[in-house]
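Participant: Here's my sequence, what's the structure:
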Amino acid sequence: MKTYTNPVYPEYFADPFVWQYQGIYYAIGTGPAEAAGQVDEAHQRRVFPLLQSDDLVTWQIAGNALLRPDPALGDNFWAPEVAYEAGLFCLYYSVGHEDKNHQLRVATSSNPLGPYQDVGEPLVDPKICAFAIDPSPFRDDDGQWYLFYAQDFLDTEEGARAGTALVVDRLLNMTKLAGERRVVLRARQDWQRFLANRSMYGGIYDWHTLEGPCVRKYQDHYYCFYSGGRWETESYGVDYGVAEHVMGPYSDVGNETGPRVLRSQLGYVLGPGHNSIALGLDGQTEYMVYHAWDVEMQARRMCIDSLQWTADGPRCLGPTWTPQTLQV
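Facilitator: Numbers count the residues shown, from 1 in each chain. This next block holds a predicted model:
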């Protein structure tokens with residue numbers, strides 16, 4: 001029997017994405033320099049910290065992944081994810097200037113540890129979409145790839161709230177979108193509020209946020225996990241929408257009182273969110289990999305807890321802060 005205690009990595013490691021390749025787990029995330037837009041000596045050439053592990057709970061630093069692209073793009077690098085297709089590792093990420101002018105990019109490498117080289121053009125035209133973040137690739141059973149991501153909306157039609165919300169597009173290949181964007185989910189609940197009276201795009205808005213999409217197909221349905229609310233507060237947590245087709249329509253009805261999958265445990269764990277999903281060593285147990293704040297809110301650190309499929313939908317047996325059994 002093997003046990004672990006969250007967090008599974010002691011340093012700042014937000015937006016954790018974990019994948020497995022040839023028996024090794026790899027993790028990539030937003031480090032403190034990427035989040036703050038710092039260009040220190042360690043990040044002048046490469047950004048995004050990489051970790052690797054043999055068991056999903058014992059992690060070692062493995063350098064930085066992405067060769068720093070054109071400095072004019074900005075110094076804030078957020079929420080990387082990696083997809084593997086036909087011998088090529090594709091790193092999807094956003095880059096921009098603080099909370100504005102963020103664009104989606106992709107970089108490639110023949111090695112999971114990189115270096116990853118940016119392909120030289122955005123996935124979504126920044127002139128059309130001034131703020132796009134959190135790209136998450138998903139491969140359907142037929143081999144077709146899709147990209148889920150978050151962007152801003154200002155309308156409030158049919159009860160939707162102004163703010164950041166989720167969309168999906170089909171990938172023509174691993175570095176080009178089809179331009180068939182569809183809305184996945186919009187914010188509709190009070191717990192998803194990011195900030196009241198927020199100055200954005202020349203107006204004042206009651207701003208709401210859905211971000212960090214992660215898609216899993218289960219029993220012929222598509223589940224789009226997402227994080228809602230303000231990432232710096234206890235209201236932040238993980239919920240989901242469900243659809244019969246990968247392009248939607250998705251519904252997250254039933255979350256009126258708060259996030260159903262992961263939420264804060266006051267006094268122990270705050271703001272758990274931005275998850276990915278990894279298969280455990282036993283080849284059966286699914287784990288949600290997410291970040292969470294300590295009670296002093298000093299750092300967002302990587303945690304894992306098992307994902308359960310119940311009659312009421314997906315639920316995570318977390319966040320936990322005491323020793324847990326790892327299925328091996």
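
Participant: What's the mean pLDDT across stretch 289-298?
Facilitator: For stretch 289-298, mean pLDDT is 96.

Participant: Burial check on the closest residue to G203 other than its chain neighbours, number of neighbours?
Facilitator: Leaving aside its sequence neighbours, G203 sits nearest to L154 (CB to CB, 6 or more residues apart in numbering; 7.4 Å). All C-beta spots, glycine's among them, are computed from the backbone N, C-alpha and C. Burial measure for L154: 12 neighbouring residues, criterion other CB atoms under 10 Å.

Participant: Is L154 in contact with G202, as I believe?
Facilitator: No - between L154 and G202 there is no contact under CB atoms under 8 Å: 9.9 Å.

Participant: Could you name the helices and strands sitting against the strand or helix carrying W78?
Facilitator: For W78, the host element (DSSP states H and E) is strand 76-85. Counting by 3 or more CB pairs under 8 Å, 6 or more residues apart in numbering; DSSP states H and E, the packing neighbours recorded for strand 76-85 are strand 14-21, strand 24-30, helix 32-36, strand 46-53, strand 60-67, strand 88-97, strand 132-139.

Participant: Of the ones you listed, which shows the lowest average pLDDT?
Facilitator: Of all the helices and strands packed on strand 76-85, helix 32-36 carries the lowest average pLDDT, namely a mean of 91.

Participant: Where does pLDDT dip in the chain?
Facilitator: Within the chain, the set of residues satisfying pLDDT under 70 comprises 99.

Participant: Could you pick out the longest strand of it?
Facilitator: strand 203-218 (DSSP state E).

Participant: How many residues are close by F89?
Facilitator: 22.

Participant: now for the helices and strands packed on strand 76-85, which one comes closest to A278?
Facilitator: Among the helices and strands packed on strand 76-85, the nearest to A278 by CB to CB is strand 14-21 (4.3 Å).

Participant: Only the buried residues of that closest one, if you could.
Facilitator: A14, D15, P16, F17, V18, W19, Q20 (16 or more other CB atoms under 10 Å).

Participant: How about residues contacting stretch 166-178?
Facilitator: The contact list for stretch 166-178 (CB atoms under 8 Å, 6 or more residues apart in numbering) reads 83, 85, 88, 90, 106, 108, 119, 123-124, 137, 144-151, 179-186, 210-211, 213, 224, 226, 241, 246-248.

Participant: of those residues, buried ones?
Facilitator: Burial by neighbour count, 16+ other CB under 10 Å: within the contacts of stretch 166-178 this picks out 83, 90, 106, 108, 119, 123-124, 137, 145-151, 181, 184-186, 210-211, 213, 224, 226, 241, 246-248.

Participant: Report the two of the buried residues of strand 14-21 separated the most.
Facilitator: Largest separation among these by CB to CB: A14 and Q20, giving 20.8 Å.

Participant: how close does the closest residue to L104 other than its chain neighbours get to S94?
Facilitator: Nearest non-adjacent residue to L104, counting by CB to CB, 6+ apart: L123, 4.1 Å away. The gap separating L123 from S94 is 9 Å, by CB to CB, to the nearest Å.

Participant: so what's in contact with the two at the same time?
Facilitator: Listed as contacting both L123 and S94 by CB under 8 Å, 6+ apart are Q103, L104, R105, A132, P135.

Participant: Need these in TSV (columns: neighbour count and distance to D55).
Facilitator: Converted to TSV, the shared contacts of L123 and S94 look like this (neighbours: other CB atoms under 10 Å; distance: CB to CB, whole Å):
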residue	neighbour count	distance to D55
Q103	21	36
L104	23	32
R105	26	32
A132	24	35
P135	26	28
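
Participant: Nearest to K2 among those?
Facilitator: Checking these one by one against K2 (CB to CB), the nearest turns out to be P135, at 33.1 Å.

Participant: No more questions from me, cheers.
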